[in-house]
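Asker: no sequence for this one, just the structure:
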C-alpha cells in the first residue's frame, strides 16, 4: 500500500490520531503564532497610515483574515461532515465538529473588529451592511451547529445531525449573502463598502498575507487540539485511554 | 481623531478570543485524562491487557 | 403504491386533525396576537402601522409557522409511527413531502386566509395586498420545507422548542428577505416579480432537496 494511503488509514485509528494530534497541534500553534507575530508587527509599526482612513486601517489586518477564516472554516466543516455522512468515517465526524468553535471564534472576531472599525468610519457601532449582516447570520449558523451537537447525547448521532445542518447551512450561505445584498440595495441605495475605494498599496500587502497564513496555521493547531479532546471523550471507556492517563511511573 | 483606542480595542479582542481558543481545548484534554485516571483507579488497575481497544 | 401511500397518509393526517379541530386555529390565533402586540408596541397610529404592516405580517406568519413546526413529526415520533415510515416500501422522502404538504395545508393555509383580515388591522395599503399574498403563498411552503429539515434533525429530542427556532431562523432569512422585500419593492414602485420568481425557484429546489435532507436527518435521529 502506498505510504500516504496507509498513513491516511492509520489516522482513523483513535490511539494513532491521539499521538498525531498531540505532536502536531503545538507545532501548528507555534508556527501560527510566529507568522502572526510578524504580520501584527508589520501591521502596527511598519505599514504607513492609510491616506483616507488613518490608523484605523490597521484593524483591517485582523478583520480580513478573520473573515476569510470564518468562511473557510465553515466550508471545511461542511466538507468533513459530508465525508463523514457518506463514508461514515469517525475521524471526519470529529474533525467537522472541531471546526465549529474555532470558526465561531473567528466570526466573533470579525464582527467585533468590524464594529470597532465602523465606529470611527461610519460613526456607528453597527450598520446593516450586507457583509456584516451575513457574518452575523454565519455566527448563528455556527452556534446552531454547536448547539445541536451538544443537545444530542449519542456522540455519533450528534455529530452526524450537526454535520447535516452544516451542509444545509453551507448550501444556503451564498443564498443568504445574495438575499441580504439585494435587500440592502433595496433599502439603502448605494451600499457602503467597508473597504471604500482605496486600493491597497503593494507595500501594505505582506503583513496581510502573513496574517492570513498565520490564522490558517493557528486554525490547524486549534482543530487538532479540539479533535484530540473529542477523540479522548468518545473513546473514554477504552483501555488505551486509561493507559494514557496513568501517571508516569 | 485619534484612532489609537479603536486599534487597541480591536487587537485586544483578537488577543482575548485567540487566548480562549488556545486554553479551552487544553482544559478539555486535561479533563478527559483526569476522568480516565479516576475511572481506572475506581475499576482497579489492569497492568496489561492484550486487547487495548476493548471497553473495560 | 406511491399514490396510495400518499392518500393513506393524507387521510390519516386529516382524521387526526379533525379529532382536534380546535388546534387547527391556533397558528392563526397566534399570528393575530403577534399583530396585536406589534400594534400596541408601535403606538397604534395608522400611518406608522401602514409603513411596517407588510413586514409585521410576514413576521407573524413566519413565527406562527415556526411554533407549529414542533408538531410536524413529534406525534409520529412519540408513538413509533416514524419508525414504520423507515420500513415502508415507499421512499422516506416521499412520506416526508406528503406530511410537510399536509402540515402546510393545515397550518399555513388558514394563515393565508386570515392575512387580508390581519392586513386591515395594520392598515396595509390595499395595493400591496396582492403582492403580500403572492409572496406568502410562495414563501410559506418554503418555510415549511426548510422547517421540516430542522424538525427532522431534532425529532429525537425532548426539550427542543427553542433549539428548533435557533436552528431554523438563520435558514429562514433569505425567504423573509425576498418575501417581505418583494412587498417593500412594490411599495417603492419597483417590480416585485424578480423577488417572487426567486422565491418560486427556491420553492422548486426545496420541493426536491428538502425532503431528501429531512429523510437523511430522520434516519440519523432514529439510528
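Answerer: Right, received. Where do you want to start? Predicted model, so just to flag it, every value in this text is computed and none were measured.

Asker: got the contact list for the closest residue to residue A:162 other than its chain neighbours?
Answerer: Nearest residue to residue A:162, sequence neighbours excluded (Cβ to Cβ, 6 or more residues apart in numbering or on different chains): residue A:149, at 4.0 Å. Every residue, glycine included, has its C-beta placed from N, CA and C. By Cβ atoms under 8 Å, 6 or more residues apart in numbering or on different chains, the contact list for residue A:149 reads A:97, A:100, A:158-159, A:161-162.

Asker: Can you point out the buried residues in stretch A:155-165?
Answerer: Using 16 or more other Cβ atoms under 10 Å in any protein chain shown as the test for burial, stretch A:155-165 gives A:155, A:157-165.

Asker: what's the answer for stretch A:32-45, then?
Answerer: A:32-33, A:35-36, A:38-40, A:42-43.

Asker: what's the spacing between it and its chain's center?
Answerer: Distance, stretch centre to chain centre, for stretch A:32-45: 19 Å (Cα atoms, centre = their mean, to the nearest Å).

Asker: Contacts for that stretch, please.
Answerer: Stretch A:32-45 has contacts (Cβ under 8 Å, 6+ apart) with A:58, A:61-62, A:206-211, A:213-221, B:7, B:11.

Asker: can you rerun that using 10 Å?
Answerer: Contact with stretch A:32-45 is made by A:46-47, A:55, A:57-62, A:65, A:203-222, B:7-8, B:11, B:14-15, B:18, B:22, as judged by Cβ atoms under 10 Å, 6 or more residues apart in numbering or on different chains.

Asker: Give me the buried entries from these.
Answerer: Buried subset of the contacts of stretch A:32-45 (neighbour count, 16+ other Cβ under 10 Å): A:47, A:55, A:57-62, A:65, A:204, A:207-208, A:210-222, B:7, B:11, B:14, B:18.

Asker: Now, these that are in helices?
Answerer: Residues of these located in helices (DSSP state H): A:60-62, A:65, A:207-208, A:210-222, B:7, B:11, B:14, B:18.

Asker: Tell me which residues touch the closest residue to residue A:108 other than its chain neighbours, please.
Answerer: Leaving aside its sequence neighbours, residue A:108 sits nearest to residue B:17 (Cβ to Cβ, 6+ apart; 6.0 Å). With contact taken as Cβ under 10 Å, 6+ apart, residue B:17 is in contact with A:66, A:104-106, A:108-109, A:112-113.

Asker: switch to 7 Å and redo it
Answerer: A:105, A:108-109 (Cβ atoms under 7 Å, 6 or more residues apart in numbering or on different chains).

Asker: Could you identify which of those residues has the most neighbours?
Answerer: In terms of neighbour count, residue A:109 stands highest of those at 26 neighbours, by other Cβ atoms under 10 Å in any protein chain shown.

Asker: Residue A:228 reaches residue A:22, doesn't it?
Answerer: Yes - under the criterion of Cβ atoms under 7 Å, residue A:228 makes contact with residue A:22 at 6.3 Å.

Asker: neighbour count winner among those two?
Answerer: Using other Cβ under 10 Å, the more surrounded residue of residue A:228 and residue A:22 is residue A:228, with 25 against 14.

Asker: Am I right that the more buried one sits in a helix?
Answerer: Yes - counting by DSSP: H, G, I helix; E, B strand; the rest coil, one finds residue A:228 located in a helix.

Asker: Name all residues that make contact with it.
Answerer: A:18, A:21-22, A:25, B:29.

Asker: Equivalent analysis for residue C:186, please.
Answerer: Per Cβ under 7 Å, 6+ apart, neighbours of residue C:186: C:128, C:131, C:192.

Asker: Flag the shaky bits of chain A, pLDDT-wise.
Answerer: A:51, A:188-200, A:248-249 (pLDDT under 70).

Asker: Can you give me the distance of the nearest residue in space to residue A:46 that is not next to it in sequence to residue B:40?
Answerer: The shortest distance from residue A:46 to any non-neighbouring residue, by Cβ to Cβ, 6+ apart, is to residue A:207 (7.0 Å). Distance, residue A:207 to residue B:40, using Cβ to Cβ, to the nearest Å: 49 Å.

Asker: hmm, who's touching stretch C:71-81?
Answerer: Contacts with stretch C:71-81, where a contact means Cβ under 7 Å, 6+ apart, come from C:82, C:99, C:103, C:148, C:151-152, C:155.

Asker: Got a quick ChimeraX command for the buried subset of those?
Answerer: Selection of the buried residues among the contacts of stretch C:71-81 in ChimeraX, burial being defined by 16+ other Cβ under 10 Å:
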select /C:82,99,103,148,151,152,155
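
Asker: Can you name the residue of chain B nearest chain C?
Answerer: Residue nearest to chain C within chain B: residue B:55 (19.6 Å; Cβ to the nearest Cβ).

Asker: Phi and psi next, for the spatially closest residue to that residue that is not a sequence neighbour.
Answerer: Nearest residue to residue B:55, sequence neighbours excluded (Cβ to Cβ, 6+ apart): residue A:237, at 4.3 Å. Here is the backbone geometry of residue A:237 (degrees, to the nearest 10): phi -80, psi -10.

Asker: Residue A:237 contacts residue B:54, doesn't it?
Answerer: No - contact between residue A:237 and residue B:54 fails when scored by Cβ under 7 Å: they sit 9.1 Å apart.

Asker: so which strand or helix has residue A:7?
Answerer: Assigned by DSSP states H and E, residue A:7 falls within helix A:3-11.

Asker: Mind checking what helix or strand follows that helix in sequence?
Answerer: Counting by DSSP H and E, what follows helix A:3-11 is helix A:14-41.
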